[in-house]
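**Q** Next one to model:
(6 chains)
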Number of protein chains: 4
Amino acid sequence: MILIDGRDPRPIYEQIVEKLAELMVCGALAENSPMPSVRSLAADLSVTPNTVQRAYAELERLGYIVSIRGKGSFVADTAAIRRLGQEKILAELADIAVRASRAGMEKEQFLAGEDSLWPENNTVREEAQ
Amino acid sequence: MILIDGRDPRPIYEQIVEKLAELMVCGALAENSPMPSVRSLAADLSVTPNTVQRAYAELERLGYIVSIRGKGSFVADTAAIRRLGQEKILAELADIAVRASRAGMEKEQFLAGEDSLWPENNTVREEAQ
Amino acid sequence: MILIDGRDPRPIYEQIVEKLAELMVCGALAENSPMPSVRSLAADLSVTPNTVQRAYAELERLGYIVSIRGKGSFVADTAAIRRLGQEKILAELADIAVRASRAGMEKEQFLAGEDSLWPENNTVREEAQ
Amino acid sequence: MILIDGRDPRPIYEQIVEKLAELMVCGALAENSPMPSVRSLAADLSVTPNTVQRAYAELERLGYIVSIRGKGSFVADTAAIRRLGQEKILAELADIAVRASRAGMEKEQFLAGEDSLWPENNTVREEAQ
DNA sequence: GTGGTCTAGACCACG
DNA sequence: GTGGTCTAGACCACC
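**A** Modelled structure (predicted):
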């Protein structure tokens, strides 16, 4: 389902949070559907349940899931999650735009790169990797 | 010259690296111009020279500066640095694009947001927030 | 009659206890009147009878109801319950007062806030929020 | 400095958070003053450093302290903390007021109790306990 | 020295 | 079975 990268400098629980959040934003995890249990996901990832627990706690704090003691964890309102995700992406985009500007890129150059990088184009190009 | 943010979770030396790299990408630090000495910069930032030293080492590893024993540190080939910076930005842009696509954003929506976020536009529009 | 909040971190049985206790303190459940049977309330709330059973046990321990084997559960002496509830509230009030004092609030400020927060006032004032 | 209560049903780390937050709201911990280190406080309280660590993480998330890797943890802007604390107290007061109202208390009764419970009065009365 | 993460195991309350 | 807390000990990066 998801994979953790030992070379990634970020803590494991944070990688789990990001991967799972992405799956929800993509719509791969439907609203109200049950998350894998803390223990089972921990076994799958070969990490201690404690670490998964921490990731789930973070996800709940961010409003991505709700955890119910004795019943399990469930993904929360998907529409809100997608909205949050899109806002986050636009914020990152704003940041990258000012950095591009300071790096001396022209607006047209940026938009062009932007245009050609959109995934639907990539599928047409069929590049390796 | 540059300022350290105590609330930033990243290590201090990394903040220094990023700030200095940005100054080079912007062109604020000209090619071959001498970097401030480790000790003077450390005094300016009120950090231990050890930390600045580490930042300089990282900058040299990244190819942003060259250190010459007994003479000091100098900013390296600016054009190459800018090129590197722009490539890095495009890579990040590609990543953001696929995530936006997966989050259900339309290409037009993305490009529009992109267009309006470009810094020079923002200064011109001056909309009420 | 009462509703369970899935997002409430407290255990379900505790929510049931609180809701029922409130109904008694309000006077909505008259003295000696029969409580709904464990099974019927469980069906109403869509929880397992086990959970309601636990709530009733807690209510009996607190002196809010008396259970008579083979006959059912009945609400206990209402006057005493109300008195208990009021004492509990005053105790909480005392705690809040010392904390407010330590937080640097003036007595007048506290009493004023107190005055304006009384429910009957709120309905009368109807200020724009 | 602070004491944890084994009979308190709340988790230990939460008790620590509350106690420390209170000390800051009271002004007992001055702005920018260093918090005890995770390990030393853990030793004082006879709990594992992990538990104190969690409490500190929560305090940082709430904006009460800032933790700097390799340097220690420091109490944040005291004025803002006090303001937050006072708002929290007023919120609790509002809650308790509606409960008192529902419990059949008269507004005058509530305000009177309120008035006599203010700590400055207590010091005059010099009651035991 | 500091804060932060992780492990391996245990216990608890809940449903 | 579930989520949640805690322990005892380890390791890491940073200053």
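
**Q** Pull the number of nearby residues for the nearest residue to A:Ser101 once chain neighbours are set aside.
**A** Leaving aside its chain neighbours, A:Ser101 sits nearest to B:Pro119 (4.6 Å; criterion: C-beta to C-beta, 6 or more residues apart in numbering or on different chains). Quick note: C-beta positions are derived from backbone N, CA and C, even for glycine. B:Pro119 has 15 neighbouring residues, counting by other C-beta atoms under 10 Å in any protein chain shown.

**Q** Just give the number of residues close to A:Ala21.
**A** Using other C-beta under 10 Å, A:Ala21 is surrounded by 21 other residues.

**Q** Same question for A:Ala28.
**A** 12.

**Q** same thing with A:Ala91?
**A** Residues within reach of A:Ala91, counting by other C-beta under 10 Å, total 11.

**Q** Tell me the pLDDT of it.
**A** According to the prediction, A:Ala91 has pLDDT 90.

**Q** ok, and what's touching the helix or strand containing it?
**A** Assigned by DSSP states H and E, A:Ala91 belongs to helix A:78-102. For helix A:78-102, contacts defined as C-beta atoms under 8 Å, 6 or more residues apart in numbering or on different chains pick out A:21, A:24-25, A:27, A:29-31, A:63-64, A:75, A:107, A:110, B:22, B:25-26, B:86, B:89, B:92-93, B:96, B:99-100, B:103-105, B:110, B:113-114, B:117-120.

**Q** and stretch A:29-37, how far from the chain's centre?
**A** 15 Å (C-alpha atoms, centre = their mean, to the nearest Å).

**Q** what comes up buried for it?
**A** A:Leu29, A:Met35, A:Pro36 (16 or more other C-beta atoms under 10 Å in any protein chain shown).

**Q** Point me to the residue of chain A nearest chain C.
**A** Minimum separation of chain A from chain C (C-beta to the nearest C-beta) falls at A:Val66, amounting to 5.9 Å.

**Q** Quickly list what that residue is bridged to.
**A** A:Phe74 (DSSP bridges).

**Q** Check the gap between the residue of chain A found nearest chain D and A:Ala76 for me.
**A** Closest to chain D within chain A is A:Arg61: 8.2 Å, counting by C-beta to the nearest C-beta. As judged by C-beta to C-beta, to the nearest Å, A:Arg61 and A:Ala76 stand 12 Å apart.

**Q** These two: which is more packed in?
**A** Legend: neighbour count by other C-beta under 10 Å for A:Arg61 and A:Ala76, higher for A:Ala76 (19 against 11).

**Q** On the pLDDT front, check that one for me.
**A** 92.

**Q** That one: what's it in contact with?
**A** Contacts of A:Ala76 by C-beta under 8 Å, 6+ apart are A:Glu31, A:Gly63, A:Tyr64, A:Ile65, A:Val66.

**Q** List only buried entries from these.
**A** Looking at these with 16+ other C-beta under 10 Å, the buried ones turn out to be A:Tyr64, A:Ile65, A:Val66.

**Q** give me the low-pLDDT residue ranges for chain A?
**A** Of all residues in chain A, those with pLDDT under 70 make up the ranges A:120-129.

**Q** which bits of it sit near DNA strand E?
**A** A:11-14, A:46-51, A:54, A:68-71 (C-beta under 7 Å from any atom of the strand).

**Q** And those residues, which is closest to DNA strand F?
**A** Nearest to DNA strand F among the residues of chain A next to DNA strand E is A:Gly70, at 3.5 Å by C-beta to the nearest atom of the strand.

**Q** Helices of chain A, start to end?
**A** With DSSP state H, the ranges of helices along chain A come out as A:12-26, A:38-45, A:49-61, A:78-102, A:107-117, A:119-125.

**Q** and those as TSV, adding distance to B:Gly6?
**A** TSV is the format used below for the helices of chain A (distance: least, C-beta to C-beta, whole Å):
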stretch	distance to B:Gly6
helix A:12-26	22
helix A:38-45	34
helix A:49-61	24
helix A:78-102	21
helix A:107-117	33
helix A:119-125	39
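
**Q** Go through the ones you listed and name the closest to D:Ala42.
**A** Of all those, it is helix A:49-61 that lies closest to D:Ala42, at 17.6 Å by C-beta to C-beta.

**Q** how about the closest one, does it reach chain B?
**A** No - with C-beta under 8 Å from any C-beta of the partner chain as the criterion, chain B is not reached by helix A:49-61; the gap is at least 14.6 Å.

**Q** what comes up buried for that helix?
**A** In helix A:49-61, counting by 16+ other C-beta under 10 Å, buried: A:Thr51, A:Val52, A:Gln53, A:Arg54, A:Ala55, A:Tyr56, A:Ala57, A:Glu58, A:Leu59, A:Glu60.

**Q** Now do it against helix A:38-45, angle only.
**A** Counting by axes from the mean of the first three to the mean of the last three C-alpha atoms, to 10 degrees, helix A:49-61 points 120 degrees away from the direction of helix A:38-45.

**Q** Does helix A:49-61 reach chain C?
**A** No - residues of helix A:49-61 contacting chain C under C-beta under 8 Å from any C-beta: none, with a closest distance of 9.7 Å.

**Q** repeat for stretch A:29-43
**A** No - using C-beta under 8 Å from any C-beta, stretch A:29-43 stays clear of chain C, coming no nearer than 10.5 Å.

**Q** residues in contact with that stretch?
**A** In contact with stretch A:29-43 (C-beta under 8 Å, 6+ apart) are residues A:1, A:16, A:20, A:23, A:44, A:48-49, A:51-53, A:56, A:65, A:72-78.

**Q** Stretch A:108-123 now?
**A** The contact list for stretch A:108-123, computed with C-beta under 8 Å, 6+ apart, reads A:97, A:100, B:90, B:93-94, B:97-98, B:101, B:107, B:110-111, B:114-115, B:118.

**Q** give me every residue that touches A:Ile12.
**A** Neighbour list for A:Ile12: A:Ile4, A:Val47, A:Thr51 [criterion: C-beta under 8 Å, 6+ apart].

**Q** which phi and psi does the second one have?
**A** Meaning A:Val47. phi -130, psi 170 (degrees, to the nearest 10).

**Q** how many neighbours does it have?
**A** Neighbours of A:Val47 (other C-beta under 10 Å): 16.

**Q** Please determine how far it is located from A:Ala55.
**A** For A:Val47, the distance to A:Ala55 equals 9 Å [C-beta to C-beta].

**Q** Quick one: buried ones out of the contacts of helix A:78-102?
**A** Buried among those (16+ other C-beta under 10 Å): A:21, A:24-25, A:29, A:64, A:75, A:107, A:110, B:22, B:25, B:86, B:89, B:92-93, B:96, B:99-100, B:103, B:105, B:110, B:113-114, B:117-118.

**Q** State the distance spanning the first to the last residue of stretch A:42-51.
**A** 8 Å (C-alpha to C-alpha, to the nearest Å).
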